[in-house]
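Colleague: Please work out how this folds:
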Amino acid sequence: MTLTKQQKVLAVAALAMVGLFLGDKIVITPLTANWKARSERIAKLKEQVRDGEKTLSRERAVREQWDTMRTNTLAWEIMQTKNLAGAKPEAESQMLRAFERWSRDGGVSVSSIRPQWKEAEDDYKTLECRADVSGNISSVARFLFQIERDAMGVKVDSLELTARDNEGAQLALVIQVSGLLLNPPKQIKR
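Modeller: Purely as a prediction, here's the structure:
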């Protein structure tokens, strides 16, 4: 069987097409995908480098903010000099003194404070205090303001405000406040 010139050209063209198709699937497409993946990774790494440079440029401010936050936690000084078991009662005492100060400055009366420890992490513990407070609207507002402006690092987790009389002159506030207690860093023995 002899092929005509036209058939030979068509056969060569078909083989060339199959070769191009296989070349595309085996060489060009994987190389293109690899190139695109590397470009994306390079872009991501450049972004991480930029973020790192920004963080390094803010290092002093971040360290100062962390030092302020760390020094405003519960019983940090006690934890450095005593064992952790002695820090819990001191932290509770510190929180109770803060409630006294806030209620005195705010002009409210605190009928009960219920402290409870949450020990979910190795690095820190939280002291949650639920308190029942009563007073008029301005004294409750001053009390909340005192909590907010206090140097001790506390967070208001929840509050519930209800009227104790029909006119709303006397209010009852149930508030839950959390204080942070950092565990001392573990000492490396040599």
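Colleague: quick check: mean pLDDT across the longest helix seen in the chain?
Modeller: Secondary structure of the chain per DSSP state H: the longest helix is helix 29-57. The pLDDT scores in helix 29-57 average 93.
Colleague: Now do the same for Val110: helix, strand or coil?
Modeller: Put simply, Val110 is strand when judged by DSSP: H, G, I helix; E, B strand; the rest coil.
Colleague: After the least confident helix or strand in the chain by mean pLDDT, which helix or strand is next? Please name it.
Modeller: None of the helices or strands of the chain scores lower by mean pLDDT, DSSP states H and E than helix 76-81, at a mean of 46. Per DSSP states H and E, the first helix or strand lying C-terminal to helix 76-81 is helix 84-106.
Colleague: mind saving the C-alpha coords of that following helix as PDB?
Modeller: What follows is helix 84-106, C-alpha atoms only, in PDB (Å, rounded to 0.1, in the frame of the first residue of the first chain):
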ATOM      1  CA  LEU A  84       1.100  29.700  92.400                       C
ATOM      2  CA  ALA A  85      -1.100  28.400  95.200                       C
ATOM      3  CA  GLY A  86      -0.400  31.600  97.100                       C
ATOM      4  CA  ALA A  87      -1.300  33.700  94.000                       C
ATOM      5  CA  LYS A  88      -4.900  32.700  93.800                       C
ATOM      6  CA  PRO A  89      -6.000  34.100  97.100                       C
ATOM      7  CA  GLU A  90      -4.000  37.200  96.500                       C
ATOM      8  CA  ALA A  91      -5.600  37.600  93.100                       C
ATOM      9  CA  GLU A  92      -9.100  37.200  94.600                       C
ATOM     10  CA  SER A  93      -8.200  39.700  97.200                       C
ATOM     11  CA  GLN A  94      -7.000  42.100  94.600                       C
ATOM     12  CA  MET A  95     -10.300  41.700  92.600                       C
ATOM     13  CA  LEU A  96     -12.400  42.200  95.800                       C
ATOM     14  CA  ARG A  97     -10.400  45.400  96.600                       C
ATOM     15  CA  ALA A  98     -11.100  46.600  93.100                       C
ATOM     16  CA  PHE A  99     -14.800  46.000  93.500                       C
ATOM     17  CA  GLU A 100     -14.700  47.900  96.800                       C
ATOM     18  CA  ARG A 101     -12.900  50.800  95.100                       C
ATOM     19  CA  TRP A 102     -15.300  50.800  92.000                       C
ATOM     20  CA  SER A 103     -18.400  50.700  94.200                       C
ATOM     21  CA  ARG A 104     -17.100  53.400  96.500                       C
ATOM     22  CA  ASP A 105     -16.200  55.700  93.600                       C
ATOM     23  CA  GLY A 106     -19.300  54.900  91.700                       C
END
